[in-house]
Structure formats: structure tokens, C-alpha cells
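[1] Below are the sequence and a predicted model; questions follow.
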Amino acid sequence: MIDIKILRENPEMVKENIKRKFQEHKLVLVDEVLELDKESRELTLMCDELRMQRNSISKEIGNLMAQGKKEVAETKKKEVQSINNKLAENEGREESLKEEIKNRMMKIPNIMDASVPIGKDDTENVENEKFGEPFVPDYEIPYHADIIEALKGLDKESAGRTSGNGFYFLMGNIARLHEAMIAYARDFMIDKGFTYCIPPFMIRSDVVNGVMSFEELEAMMYKIEGEDLYLIGTSEHSMIGKFKGQIVKEEELPIAITGYSPCFRKEVGSHGLEERGLYRVHQFEKQEMIVLCKMEDQMEWYNKMWQFTVEFFRSLDVPVRTLECCSGDLADLKVKSCDVEAWSPRQKKYFEVGSCSTLGDAQARRLGIRAKGEKGNYLVATLNNTVVASPRGLIAVIENNYQKDGSILIPKVLQKYMGGKEKIEK
């Protein structure tokens with residue numbers, strides 16, 4: 001959510017930002033907010049004036065009573081009652097206006113960074129840089145589900161009976177490889193100076209509304225029936241929510257946390273679920289990172305964070321690239337975002353394994369997260385980035401380490417998490 005001062009002072013810039021995101025249907029929101037804001041501020045002045053009148057008459061009543069002029073005082077009391085009635089009516093309208101303004105403001109996209117490429121959707125995202133040489137062996141690499149099933153590591157049929165489509169059992173050494181990646185990601189980020197965290201896996205609606213847009217909410221979150229709780233789609237939601245309504249000390253910034261969690265997503269949309277594979281599922285595990293920092297430091301941290309993910313996957317012998325999200329693919333709360341994509345030697349193309357974003361002060365404004373400095377309190381910037389989400393990360397490691405005999409070489413950095421095992425064999 002942007003600062004309403006920006007909208008008041010430069011509504012045309014806000015409208016241009018909306019146009020650059022190809023959301024022309026939201027242009028009307030700017031004019032509606034300005035009109036409601038004008039009425040709200042006028043009403044605030046009227047209420048202030050009424051309070052001043054009430055205070056003045058109340059003092060007058062006290063003097064009249066002291067002078068024994070009870071009849072005149074009673075007349076004045078009726079004036080006060082009339083003012084109170086008018087004030088209550090105006091205050092009710094004032095609250096209603098504030099709510100209407102907030103509802104519209106939460107739908108107006110955040111101001112994008114000037115470096116964001118303009119494009120209508122993810123087909124117009126821009127490749128930034130490649131890391132590692134994409135390699136295709138001279139033997140066929142089967143579909144990842146077939147590789148894992150051959151190693152007795154996947155059972156989606158049983159998961160269908162227990163839980164339905166979009167769920168899975170990971171078994172044996174494949175399950176162990178999956179957990180090895182998560183454990184390594186934890187230690188990798190701790191070594192980068194991040195504080196390790198296991199957050200709550202459910203959050204309340206006020207936190208959900210603070211960390212994501214309405215469009216994302218409907219497509220992603222599972223609601224707990226009969227309770228004000230949602231299953232998290234990423235540990236970022238809980239970790240940012242941890243600071244809701246808090247004022248942190250400026251000297252504590254930046255705050256860098258890496259969090260583990262299972263994640264749950266409805267995956268509503270045209271892409272659907274994978275019937276056989278593990279690329280798009282309802283449940284997965286993830287190691288995430290978040291940073292709270294001063295606004296002027298956000299881009300420095302943004303670049304550090306996506307580079308951590310690149311370094312992580314390169315240590316697993318997986319070639320990757322970064323893809324800059326264009327304006328039309330950028331979620332409304334985000335200032336700038338890029339995806340980290342892993343090389344698939346089977347498909348001979350890259351696929352998404354993580355995403356890095358800075359949201360400016362949008363989440364902090366919604367959640368009331370501030371820092372206390374010498375010149376007063378101010379909103380912080382919030383950033384988030386995926387270290388690894390598995391099983392997507394698992395797919396990348398399996399394909400890039402698959403051998404002709406059907407075995408999988410275990411990257412050296414993961415071997416200590418698997419009891420020294422170097423290979424998974426049939």
C-alpha cells in the first residue's frame with residue numbers, strides 16, 4: 001500500500017504506474033480515493049471545530065452554574081447535546097470514509113522501481129544473467145517422476161487415497177535427499193549471518209492482508225473453517241508478521257532471518273496441478289529469507305539476496321539464470337522482483353525454483369512496522385527471497401545429477417547430511 005501523500009501530491013504518477021502494469025481498470029481508484037480523502041479531511045476539520053465549540057460551551061456552563069444561572073446553563077447543555085449528536089454522526093461517517101479509502105488504497109499497486117522492464121505478462125520477463133554452463137548429456141533423461149519412482153522414492157497413488165490430487169509420499173533416499181537440501185539451506189543461510197527461525201504455520205487474516213494482495217490471497221491461501229486462521233503459503237508471511245505493530249530500534253537494522261516451514265497452496269489458476277510430477281503441488285517445504293532494513297538500503301539487500309540463491313544452487317552443481325519480472329508480472333505489493341531459474345537438461349530449458357522481491361514500505365505500512373531513529377519513527381523496507389523450495393529444488397538436483405545407469409550423484413555439499421552417501425542407486 002502506497003503512502004496516500006504520494007497520491008495527493010502526484011496522482012498522475014500513480015496513474016502512470018497503474019498503466020505500466022496494464023491495470024487500467026484500477027485507474028478509477030485514484031480519483032475515488034482523492035474524492036473520498038477530500039471529504040474525509042473536510043469532515044475531520046468539522047469535527048475538530050465541533051469539539052472546540054463543545055469545550056468552549058462546557059466551560060461557559062461551568063461559569064454559569066457557579067453564578068447560579070441554572071436556566072441559562074440548562075439551555076447551554078442542550079446546545080452541547082446537539083453538538084454531541086452532530087459529532088457522533090460525523091465521526092461515524094469519518095470512520096466509514098477511512099475504511100472506504102483503505103479498501104481502495106490496498107488495491108492500488110505499489111510504485112515500481114524505474115529499472116523494472118515494461119511487459120504485459122511473464123512471457124515478457126527479461127533474462128538478466130546465466131550462472132554455470134547448461135549441459136545436456138548424450139543419454140536420455142527420463143521425466144523426474146519416473147526417475148524417482150524407479151528409485152522407489154515417490155508414491156502419488158497412495159497420496160491420492162489419503163489426501164487427493166496434488167499430494168505425494170517421498171520415500172527412502174529420495175526423501176532423505178529432499179531433507180538434506182533443506183538442512184543444507186538452513187546452514188548455508190546461517191553462515192551468511194541470518195538468524196534461523198521456525199515460524200507458526202498458520203496466521204490470522206490481519207497478517208495475511210498485511211503481507212499479500214487480494215488477488216494472491218484467493219489463488220493461494222487455505223482457510224481454516226470456523227477460525228480466523230490461514231495455512232501459510234511461505235514462511236515469509238509469518239516472519240514478516242512477527243513484527244506487526246512493532247517499533248524496532250534503528251541500531252537493530254538490518255534484521256535478517258531465514259525460516260523453514262512446510263507451505264500450503266491451493267494453486268488456483270490456468271496452470272493447474274501436475275498429475276504425475278512434483279513441480280506444482282499443494283504441499284512443499286521451503287527455506288526462506290527475509291530482511292527488514294532502511295528504505296535506502298533495500299536495493300543493496302535485494303541484490304545480495306538473489307545472489308545467495310544463485311550461490312546455493314551452483315554449490316549443488318545446478319546451472320541457473322536470473323529472470324527480471326516485467327511490470328505486468330509484478331505482484332501489486334512489489335517494487336522489484338526477479339526469479340531464479342534452474343536448468344532442466346531433460347526439457348533443455350530453465351524453470352523457476354525461487355523468487356526474490358523488495359516491497360519497499362508497503363508491507364510495513366499495512367502491518368505498522370516501524371523503526372525508531374534519532375529523527376523519530378519511520379517505516380522500514382521489507383524483502384523476501386527463496387533459498388530453496390523442495391520438491392522443485394529436488395527436481396533440479398536430480399535432473400542435473402542423473403547418470404546413464406539410472407543412479408543420482410549426490411552433490412558433495414549434501415553428502416554429510418546423508419551419512420556420507422555419494423550416490424542413490426536402484
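    On my side now, so go ahead.

[2] since we're on residue 159, how many residues are nearby?
    For residue 159, the neighbour count with other C-beta atoms under 10 Å is 19. Backbone N, C-alpha and C define where each C-beta goes, glycine included.

[3] Kindly report the same for residue 34.
    For residue 34, the count of nearby residues is 16 (other C-beta under 10 Å).

[4] From the contact counts, what lies against the helix or strand harbouring it?
    For residue 34, the host element (DSSP states H and E) is helix 27-66. Packing contacts for helix 27-66, counted by 3 or more C-beta pairs under 8 Å, 6 or more residues apart in numbering; DSSP states H and E, involve helix 4-9, helix 11-20, helix 70-105.

[5] For the stretch 101-250 of the chain, which segments are assigned as helices?
    144-150, 156-162, 172-191, 205-211, 214-220, 235-241 (DSSP state H, counting those that start in this stretch).

[6] buried stuff in the least confident helix or strand in the chain by mean pLDDT?
    Counting by mean pLDDT, DSSP states H and E, the chain has its least confident helix or strand at helix 214-220, which shows a mean of 72. For helix 214-220, the neighbour count (16 or more other C-beta atoms under 10 Å) marks 217, 220 as buried.

[7] can you check stretch 162-173 too?
    166, 167, 168, 170, 171, 173.

[8] With stretch 275-285 instead?
    Result for stretch 275-285 [16+ other C-beta under 10 Å]: buried residues 277, 278, 279, 281, 282, 283, 284, 285.

[9] Please name the nearest non-neighbouring residue to the first one.
    Which is residue 277. What sits nearest to residue 277 in space, not counting adjacent residues and going by C-beta to C-beta, 6 or more residues apart in numbering, is residue 145, at 4.5 Å.

[10] Where does the prediction get shaky in the stretch 301-426 of the chain?
    Residues of the stretch 301-426 of the chain meeting the criterion pLDDT under 70: none.

[11] Can you get me a residue count around the residue nearest to residue 47 when sequence neighbours are not counted?
    The shortest distance from residue 47 to any non-neighbouring residue, by C-beta to C-beta, 6+ apart, is to residue 90 (5.1 Å). Residues lying near residue 90 (other C-beta under 10 Å) number 15.

[12] quick one on the thing from earlier: need the helices of the stretch 101-250 of the chain in CSV with distance to residue 300, can you?
    Listed next are the helices of the stretch 101-250 of the chain as CSV, based on distance: least, C-beta to C-beta, whole Å:
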stretch, distance to residue 300
helix 144-150, 36
helix 156-162, 43
helix 172-191, 18
helix 205-211, 22
helix 214-220, 26
helix 235-241, 19
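
[13] Mean neighbour count, the ones you listed: which tops it?
    Of these, the one with the most neighbours on average (mean count of other C-beta atoms under 10 Å) is helix 235-241, at a mean of 26.

[14] Show me what it is packed up against.
    For helix 235-241, the elements it packs on are strand 202-203, helix 205-211, strand 255-264, strand 283-293, helix 362-367, strand 381-390, judged by 3+ C-beta pairs under 8 Å, 6+ apart.

[15] How far away from the center of its chain is it?
    8 Å (C-alpha atoms, centre = their mean, to the nearest Å).

[16] what mean pLDDT does that helix have?
    For helix 235-241, mean pLDDT is 94.

[17] just to revisit the earlier point, which two of the buried residues of stretch 162-173 have the greatest separation?
    166 and 173 (23.7 Å; C-beta to C-beta).

[18] which one among the buried residues of stretch 275-285 gets closest to residue 5?
    residue 284 (40.1 Å).

[19] Correct me if wrong: the closest one contacts residue 262.
    Yes - counting by C-beta atoms under 8 Å, residue 284 does reach residue 262; the two are 7.3 Å apart.

[20] tell me the contacts of residue 382?
    Residues near residue 382 by C-beta atoms under 8 Å, 6 or more residues apart in numbering: 240, 290, 291, 292, 358, 359, 361, 362, 363, 364, 369.

[21] same thing but at 10 Å, please
    Shown in contact with residue 382 (C-beta atoms under 10 Å, 6 or more residues apart in numbering): 211, 236, 239-240, 243, 255, 290-293, 298, 333, 357-364, 367, 369.

[22] Residue 66 too?
    If you count contacts by C-beta under 10 Å, 6+ apart, then residue 66 has residue 73 around it.

[23] Kindly provide the distance from the residue lying farthest from the centre of the chain to residue 61.
    Going by C-alpha atoms, centre = their mean, the residue of the chain most distant from its centre is residue 68, 65.7 Å out. Applying C-beta to C-beta, to the nearest Å, the value for residue 68 to residue 61 is 13 Å.

[24] Which stretches in the stretch 251-400 of the chain count as strands?
    In order along the chain, the stretch 251-400 of the chain carries the following strands (DSSP state E, counting those that start in this stretch): 255-264, 283-293, 320-324, 336-344, 349-358, 370-373, 376-379, 381-390.

[25] Pick the most buried one from those.
    Buried most deeply of these, by mean count of other C-beta under 10 Å, is strand 381-390, with a mean of 26.
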